[in-house]
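In: The sequence isn't on hand, but the structure is:
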Ligand code: PGA
């Protein structure tokens, strides 16, 4: 069955509110009317309100890059799911490798955050992927299967079919070293396979699996043409006009 492709920009810790406004004004006319893909800007928390306002009337949706897994309370510096939902987010990135590496996010924490996202009707973009060392050791398949399974623990099929899984090999993130189409397809295929084991093929065929890691205007079209790759999660190239070329790829 045909899955609608989804291209999401992960702005990471870039763009002050003024810069965010400018970037959205640049990108809007270039990709705001694209309806054959879902287009998402995952912006810093402080930019969410202005981004939601700026994309009104376009096809672009706004996402956050993280949330905390409690409702509210004494968690200084964290952000509640209800806050980003009320601010107008539809998506949230969960378990990005930078959060796993620098902020100690484990598979179990990722799962708690995924469950919270669903409680608040936010679509989780769940990131999985291996380091170069793990790839060289030959454990990519086991690792990615485990990351995917644990992230979706206690998520029923009706919810899981809305999820987006982003396969991001860590060695390809921000390095300019993209996985080959075949490498990316192979792992995205394993992810679909584990989803089919857990939820059945019909549900697995509905779940979008993105590739991320040095996606750019030159490689996007070929990557997105692979059978199990349903779009991309884009870092560096999402901060410039190139992003529109990726969306329109
Ligand atoms: P990159 O980042 O496109 O800059 O490699 C991708 C990501 O980390 O989501």
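Out: Nice, I can see it. Since the model is a prediction, treat every value here as computed from it, not as a measurement.
In: Any idea what the residue nearest in space to the middle of the chain is bridged to?
Out: Nearest to the mean C-alpha position of the chain, by C-alpha atoms, centre = their mean, lies residue 125 at 3.8 Å. For residue 125, the beta-bridge partners are residue 93, residue 164 (DSSP bridges).
In: shouldn't it be in contact with residue 93?
Out: Yes - contact criterion C-beta atoms under 8 Å: residue 125 and residue 93 qualify, at 4.7 Å. From N, CA and C alone the C-beta is placed, and that goes for glycine too.
In: For these two, list the residues in contact with both.
Out: Common contact partners of residue 125 and residue 93 (C-beta atoms under 8 Å, 6 or more residues apart in numbering): 8, 42, 63, 166, 233.
In: what's the third one sitting at in phi/psi?
Out: Listed backbone geometry of residue 63 is phi -130, psi 160, with angles given as degrees, to the nearest 10.
In: contacting residues around it?
Out: Residue 63 makes contacts with 8, 40-43, 89-93, 123, 125, as judged by C-beta under 8 Å, 6+ apart.
In: re earlier: if I look at the residue nearest to the centre of the chain, how far off is residue 190?
Out: 18 Å (C-beta to C-beta, to the nearest Å).
In: Pick out the residue in this structure sitting closest to the ligand.
Out: Relative to the ligand, the nearest point of the chain is residue 235 (2.2 Å; C-beta to the nearest ligand atom).
In: okay, now the nearest residue to that residue once chain neighbours are set aside: neighbour count?
Out: Among residues not flanking residue 235 along the chain, residue 10 sits closest, at 5.0 Å (C-beta to C-beta, 6 or more residues apart in numbering). Applying other C-beta atoms under 10 Å, we find 27 residues neighbouring residue 10.
In: so what pLDDT did residue 10 get?
Out: In this model, residue 10 is scored at 98, pLDDT.
In: give me the beta-bridge partners of it?
Out: Bridge pairing for residue 10 - DSSP bridges - gives residue 42.
In: Please list all residues in contact with it.
Out: 42, 65, 93, 96, 212, 233-235, 238.
In: Now restrict those residues to buried residues only.
Out: Among the contacts of residue 10, those classed as buried by 16 or more other C-beta atoms under 10 Å are 42, 65, 93, 96, 212, 233-235, 238.
In: And the helices in the protein, which stretches?
Out: Using DSSP state H, the helices assigned to the chain run over residues 17-31, 48-54, 81-87, 97-102, 107-119, 132-137, 140-151, 157-160, 181-199, 201-204, 220-224, 242-247.
In: Pull up the residues of the protein that are close to the ligand.
Out: Within the chain, the positions adjacent to the ligand are 10, 168, 173-174, 212-215, 233-237 by C-beta under 6 Å from any ligand atom.
In: Among those residues, which pair sits farthest apart?
Out: Of all pairs drawn from these, the greatest distance, 13.8 Å, lies between 168 and 237 (C-beta to C-beta).
In: what's the distance between residue 222 and residue 216?
Out: Distance from residue 222 to residue 216, by C-beta to C-beta: 11 Å.
In: count of residues packed around residue 141?
Out: Burial of residue 141, expressed as a neighbour count using other C-beta under 10 Å, amounts to 16.
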